[in-house]
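*Asks:* how does the following fold in three dimensions:
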Amino acid sequence: MTPGIVVFIFLGFIFLNLINISPTWGQEAEKAKPLPLVQVQPAQMAPMPQVLELTGTVTPTRQARLASPSEGPIQNVRVREGSVVKRGERLVTIGRSGAAQAQVTAAAESLKEQQAELNRIKILVESGAVPGSQLDSARAKYEGAKALLAKAREQAGDYFVEAPWDGVVSKVLVKDGDFVAPRTPLVEMYDPGSLVISIAIPEAHVNEIKRGAVAQVQLDAYPGQTFPGKVSLVYPNLDSRMRTRSAEVTLGTPVSLIPGMFARLQLSLPSTGEVLAVPLDAVLLQPNGDKVVFVVQEGKAQRRLVKTGSEAGGRVQILDGLRPGEAVIIAGQEKLKDGAAVKVQGGVEQ
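*Replies:* Next up, the predicted model:
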């Protein structure tokens, strides 16, 4: 017998054995694979604190925009952005123009004229040539000219813009050599002790947030840290355009803040009683935005589409898709398929 015939007979023998294998062999192999192990927890009705998540900005409540009281050249800017200043400290000097000096000269000449007129009226009154009432009128005109001269001299001197209280300069809007008109903004400053976190409360929650409401605050400038705070002020009016109500949150611990810092806040809302809730880990977010959970029924994982509500304390409110008492898979469900057989850790569907 040739080698080729031997190989052919051997392959035929293997083929005959394969076709005689029981058709349930694949099913038995499938049954032999271990079932996915999952942890379950029953969906329960329980009180859940309501939390409102908002963003805010660090803002000073005490700030000043100092302006020029009259026209003139800027002669000495003594501060820059970030300068720490004390109350009464000179920030900017404004020189007086030639027109101011001309006013002093004119006022002085007017005073001389009124002085001469007053002396003349005195002599006439004493001689009986004119009534005494004219002396009172002349004296009033003299006093008026004297006041105008004093005012002109005051305005002719340099003017110093001073800090109204201790603070930090945030903006310097002029430089030496600029010529400014009256009421021109010169310097902006703020009080670092007045920094708060400004927030905007949506209209749907404006009646739930009151002064004293507890807040948990996270600042991007302090990653990984959470600071306690409280609502210190709620504005009385609603913004008709944005449909929000402004409020301020003050931190309960000393933190170095800078105006403009970004903050994330969680505000505690009044409890709404018991709600149906499950652990956050039980809810899976799908690529299309749907949220699903898996429940165990008769040893199999059943996929459920759910609607969620508020989150607090590691739990999430279930608005639709679950019933109280159903065994929700809280671990081991990441790769499950709908209808897959599972093994519950502990052997009991809770």
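
*Asks:* quick one: the helices in the stretch 101-250 of the chain?
*Replies:* Taking DSSP state H, counting those that start in this stretch to define them, one finds helices in the stretch 101-250 of the chain at 133-156.

*Asks:* so where's it uncertain?
*Replies:* 101, 153-158 (pLDDT under 70).

*Asks:* try 50
*Replies:* Nowhere does the stretch 101-250 of the chain drop to pLDDT under 50.

*Asks:* can you give me the strands for it?
*Replies:* Taking DSSP state E, counting those that start in this stretch, the strands of the stretch 101-250 of the chain run over residues 159-162, 167-172, 179-180, 185-190, 195-202, 214-219, 227-239, 244-251.

*Asks:* so what would you say the end-to-end distance of stretch 333-344 is?
*Replies:* Start to finish, the residues bounding stretch 333-344 are 11 Å apart (CA to CA, to the nearest Å).

*Asks:* to Gly132, which of the strands of the stretch 101-250 of the chain lies closest?
*Replies:* For these, the distance to Gly132 is smallest for strand 159-162, at 43.0 Å, taking CB to CB. For the C-beta atoms, the positions are set from N, CA and C on the backbone; glycine is no exception.

*Asks:* so the residue nearest the centre of the chain, which state does it fall into?
*Replies:* In the chain, the centroid-proximal residue (CA atoms, centre = their mean) is Gly56; its distance is 1.0 Å. Following DSSP: H, G, I helix; E, B strand; the rest coil, Gly56 is assigned to strand.

*Asks:* for it, which residues are in contact?
*Replies:* Ile197, Ser198, Ile199, Val249, Phe262, Ala263, Arg264, Leu265 (CB atoms under 8 Å, 6 or more residues apart in numbering).

*Asks:* hang on, the earlier thing: between the strands of the stretch 101-250 of the chain, which gets nearest to Ser271?
*Replies:* strand 214-219 (12.8 Å).

*Asks:* contact partners of the closest one?
*Replies:* Contacts with strand 214-219, where a contact means CB under 8 Å, 6+ apart, come from 197, 225-231, 249, 251, 255, 261-268.

*Asks:* let's see it as CSV, backbone CA atoms only.
*Replies:* The C-alpha trace of strand 214-219 is given here as CSV (Å, rounded to 0.1, in the frame of the first residue of the first chain):
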residue,chain,number,x,y,z
VAL,A,214,-25.3,75.5,52.4
ALA,A,215,-22.9,75.2,49.5
GLN,A,216,-19.9,73.1,48.6
VAL,A,217,-17.4,75.0,46.4
GLN,A,218,-14.6,73.9,44.1
LEU,A,219,-12.2,76.3,42.5
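
*Asks:* domain ranges for this protein?
*Replies:* Listed by automatic domain parsing, the domain ranges of the chain are 35-48+273-344, 52-62+191-269, 73-92+160-190, 96-157.

*Asks:* quick revisit: mind giving me the PyMOL select for the contacts of strand 214-219, buried ones only?
*Replies:* Provided next is the PyMOL selection string for whichever of these are buried by 16 or more other CB atoms under 10 Å:
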select buried, resi 197+227+229+231+249+251+255+261+263+265+266+267+268
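
*Asks:* picking that back up, name the nearest of the contacts of Gly56 relative to Ser137.
*Replies:* Ser198 (60.0 Å).

*Asks:* once you drop chain neighbours, what's closest to the closest one?
*Replies:* Once flanking residues are discounted, Ser198 sits nearest to Thr59: 4.4 Å by CB to CB, 6 or more residues apart in numbering.
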